[in-house]
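>>> this one's sequence-less:
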């Protein structure tokens, strides 16, 4: 429910569209659906320390917390099994039970029972973060966040240069003038305890005008920037994998000689060896990747439904590990910028496109 992952993204999309898109509020059509309004303002905070130092600090703190939790669980298990040590009068007391608490030695649960949690003596003041705050007032929470090492940036100019790559201008709330145009309150913030559901964010966007030349130019610049990064990663991967022509040095010579891949060698097939599944660039089976639909499957569909030459036959795909039971329609931009560039070799594909055709095995089906 982070607004930087929700409202900020919607605001940047509306900003780039330059009036061609607008948010639609469907609450009047769903009176029983409980959804809170979208945010129009939020705070952008970053870490004052380096990410590595913060990560190490959190790692140590979590280790202490788990150690404390395990000790408490072991104590409860011993009590349930009747093996807990009993403190008798005149004998040494059990550590963590009934002894006078010294500052820094132990911490109490403060919930009215007599159970105490044994805390390490070297716990720092930052562990008090786990204690419920005395107030949920915004100023109190902000002070607690700052005490934890977070810094509040009022605008992008205050963001340090080493953090500007992930805290961008679009992370900040819209201006008052933009809020009057964007109407971010029309977004849906669905909290788990309102309808006994999961927490999720919904924004319904409607195209109300053609994209202006300025909006198209921004979209092209963004697409080119993304494509440039993809091409850089692809070329780097090809170099690491040794794809293409390989170079080697002849003995006694300093000039490299290009040696072509073994394309002319006869292909050998060992029937005794099991066929290995094709794996992606990160070692996982890419059976879920999308491949172009088989023409033998598409041709009967085109003939049966009478599609014209304008039918986008090249935009229908099937799963690589399937039998073309499901055909998906994928937009030209996704096909060109992602599939054709081999992005599927580096990521695990979950879903893409829209279901267009599904094969049925019923006898009364004309097209199967």
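It's in. Nothing here was measured: the structure is a model prediction, and the numbers come from that model.
>>> any idea how far residue 140 lies from residue 191?
Using Cβ to Cβ, to the nearest Å, residue 140 is found at 22 Å from residue 191. Where C-beta positions appear, they are placed from N, C-alpha and C, glycine not excepted.
>>> same check, this time on residue 352
Distance of residue 352 to residue 191, given as Cβ to Cβ: 29 Å.
>>> same question, residue 356
As judged by Cβ to Cβ, residue 356 and residue 191 stand 35 Å apart.
>>> what's the answer for residue 317, then?
37 Å.
>>> who's more crowded, those two?
The neighbour comparison of residue 317 against residue 191 (other Cβ atoms under 10 Å) goes to residue 317, with 23 against 14.
>>> contact partners for the more buried one?
When contacts are counted by Cβ atoms under 8 Å, 6 or more residues apart in numbering, residue 317 is found next to 290, 291, 292, 293, 327, 328, 330, 335, 339, 353.
>>> can I get the residues you listed in a markdown table with neighbour count and distance to residue 33?
Shown next, in a markdown table, are the contacts of residue 317 (neighbours: other Cβ atoms under 10 Å; distance: Cβ to Cβ, whole Å):
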| residue | neighbour count | distance to residue 33 |
| --- | --- | --- |
| 290 | 22 | 34 |
| 291 | 15 | 39 |
| 292 | 15 | 40 |
| 293 | 22 | 38 |
| 327 | 22 | 33 |
| 328 | 18 | 30 |
| 330 | 20 | 31 |
| 335 | 19 | 35 |
| 339 | 19 | 36 |
| 353 | 17 | 28 |
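>>> can you pull out the helices in the chain?
Assigned by DSSP state H, the chain shows helices spanning 7-17, 51-80, 138-147, 176-182, 192-195, 213-241, 295-305, 332-334.
>>> lowest-confidence stretch among those helices?
The stretch with the lowest mean pLDDT among those is helix 213-241, at a mean of 74.
>>> and residue 361, how many neighbours does it have?
7.
>>> does residue 23 touch residue 203 like I think?
Yes: between residue 23 and residue 203 there is a contact under Cβ atoms under 8 Å: 6.3 Å.
>>> where do the contact lists of the two overlap?
Shared contacts of residue 23 and residue 203, defined by Cβ under 8 Å, 6+ apart, comprise 10, 186, 187.
>>> related to what we said a few turns ago, nearest to residue 30, of the contacts of residue 317?
If you rank the contacts of residue 317 by distance to residue 30 using Cβ to Cβ, residue 353 comes first, at 27.4 Å.
>>> so what touches stretch 175-187?
With Cβ under 8 Å, 6+ apart as the test, stretch 175-187 has contacts from 6-7, 10-11, 14-15, 19, 22-25, 37-40, 174, 201-204.
>>> what subset of the residues you listed is buried?
Those of the contacts of stretch 175-187 that meet the buried threshold are 6-7, 10-11, 14-15, 22-23, 38-40, 174, 201, 203, by 16 or more other Cβ atoms under 10 Å.
>>> so what's residue 169 closest to, chain neighbours aside?
residue 156 (4.6 Å; Cβ to Cβ, 6 or more residues apart in numbering).
>>> the one you found and residue 222: what is the separation?
18 Å.
>>> of those two, who's got more company?
A count of neighbours by other Cβ under 10 Å puts residue 156 above the other of residue 156 and residue 222, at 14 against 11.
>>> report pLDDT for that one.
At residue 156, the model reports a pLDDT of 92.
>>> again with the one 4 residues further on
For residue 160, the pLDDT comes out at 89.
>>> equivalent analysis for residue 291, please.
91.
>>> phi, psi for the residue lying closest to it once chain neighbours are set aside please.
Leaving aside its sequence neighbours, residue 291 sits nearest to residue 320 (Cβ to Cβ, 6+ apart; 4.8 Å). Main-chain torsions, residue 320, degrees, to the nearest 10: phi -60, psi -30.
>>> ok, residue 320 - how many residues close by?
Per other Cβ under 10 Å, the neighbour tally for residue 320 reads 15.
>>> for residue 8, see how far away it is.
Applying Cβ to Cβ to residue 320 and residue 8 gives a distance of 36 Å.
>>> kindly report the same for residue 304.
Distance, residue 304 to residue 8, by Cβ to Cβ: 47 Å.
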